[in-house]
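Trainee: Coordinates only, no sequence provided:
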């Protein structure tokens, strides 16, 4: 299921491949504090949001629609936070940023998925929380559930 | 200089009008912890990023380019964070969200502007900081400086 871009992007630790479009690749993020958190990375190696082409913005808009719709159906997500920060890249000695978005589903209720409970105690706020790692087999099941809810 | 939309959006406390395009209005945000922080609000009243039209995305992309370029020239901004959260709207009893973006310039250096010093002690990270209010006349000067650096 993986594409050649995933290997290029592996060193960036964006997570597990979910799907791709003409211009973007979507990964299930390493941190699953909020279940369904994803990273949406530009396929071409480019470091500046200001230089995106019109067709890349339009394609991104379609991903926003597809992901939000799937997450709502899969986990009854309440709202969605989208962030393009690229802060961490600039802590490197030689910054080599790559355009990507953090897609953070937010929940006003608990979610039970398999044996795990996911909570969003800061719903309505943006606070940093500890990174939550979950087992690989559960990650695969989350990806499957998201994909099963694509229109 | 204000348009009819600004009055509609006034209750949302997005800040002071800077400029508008076909689909978006840009304000200097109330919080100037990081000098040049803006809010980019959709003109039509609509609450869901997933429902933006292609032309609204393309227009947004042009704003990203215009604002980032102006801020770099005006204040030598290091990088830019973009966020669409709409968290606060969902703390209301009857949420009535309105699509808007937070544009947060980030600095790896101090900026002196008139008599004020602006610092970004958490450069490279996303941490919440206290809201910083500054005098209206300085806000006007920041807007003027941004506008003078538009291409």
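Mentor: Great, that's in hand. This structure is a prediction, so every number in the text was calculated from the model and none was measured.

Trainee: Provide a list of residues in contact with the residue nearest the centre of chain A.
Mentor: Centroid-nearest residue in chain A: residue A:38, 1.3 Å away (criterion: CA atoms, centre = their mean). Contacts were defined as CB atoms under 8 Å, 6 or more residues apart in numbering or on different chains; by that measure residue A:38 touches A:15, A:18, A:26-29, A:67, A:102-103. (C-beta placed from N, C-alpha, C; glycine too.)

Trainee: Looking at neighbours, which among these is most surrounded?
Mentor: With neighbours defined as other CB atoms under 10 Å in any protein chain shown, the most crowded of those is residue A:67; it has 26 neighbours.

Trainee: Up against chain B, what does chain A have?
Mentor: Applying the criterion CB under 8 Å from any CB of the partner chain, the portion of chain A that neighbours chain B consists of A:48-52, A:54, A:56-58, A:60-61, A:64-65, A:68-69, A:78-88, A:90-91, A:97, A:106, A:108, A:123-128.

Trainee: how about 6 Å then?
Mentor: Residues of chain A lying close to chain B (CB under 6 Å from any CB of the partner chain) are A:49-50, A:52, A:54, A:57-58, A:61, A:64-65, A:68, A:79, A:81-85, A:87, A:90-91, A:124-126.

Trainee: Heading C-terminal from the one helix or strand in chain A whose mean pLDDT sits lowest, find the next helix or strand.
Mentor: Sorted by mean pLDDT, DSSP states H and E, the helices and strands of chain A end with helix A:4-10, the least confident at a mean of 64. Proceeding C-terminally, helix A:4-10 gives way to strand A:16-20 as the next helix or strand, assigned by DSSP states H and E.

Trainee: so how far is the biggest helix by length in chain A off the chain centroid?
Mentor: Counting residues, the longest helix found in chain A (DSSP state H) is helix A:54-75. Between the centre of helix A:54-75 and the centre of its host chain there is 11 Å, according to CA atoms, centre = their mean, to the nearest Å.

Trainee: What is the subsequent helix or strand relative to it?
Mentor: Proceeding C-terminally, helix A:54-75 gives way to strand A:79-84 as the next helix or strand, assigned by DSSP H and E.

Trainee: For that next one, name the packing helices and strands.
Mentor: For strand A:79-84, the elements it packs on are strand A:100-106, strand B:79-84, judged by 3 or more CB pairs under 6 Å, 6 or more residues apart in numbering or on different chains; DSSP states H and E.

Trainee: Report pLDDT for the residue in chain A sticking out farthest from the centre.
Mentor: Each residue of chain A has a distance to the centre, and by CA atoms, centre = their mean the biggest one is for residue A:93: 25.8 Å. Looking at residue A:93, its pLDDT stands at 80.

Trainee: now do the one 5 residues further on
Mentor: According to the prediction, residue A:98 has pLDDT 91.

Trainee: gap between it and residue A:41?
Mentor: With distances taken as CB to CB, to the nearest Å, residue A:98 is found 7 Å from residue A:41.

Trainee: Neighbour count for those two, which is higher?
Mentor: residue A:41 (22 against 17).
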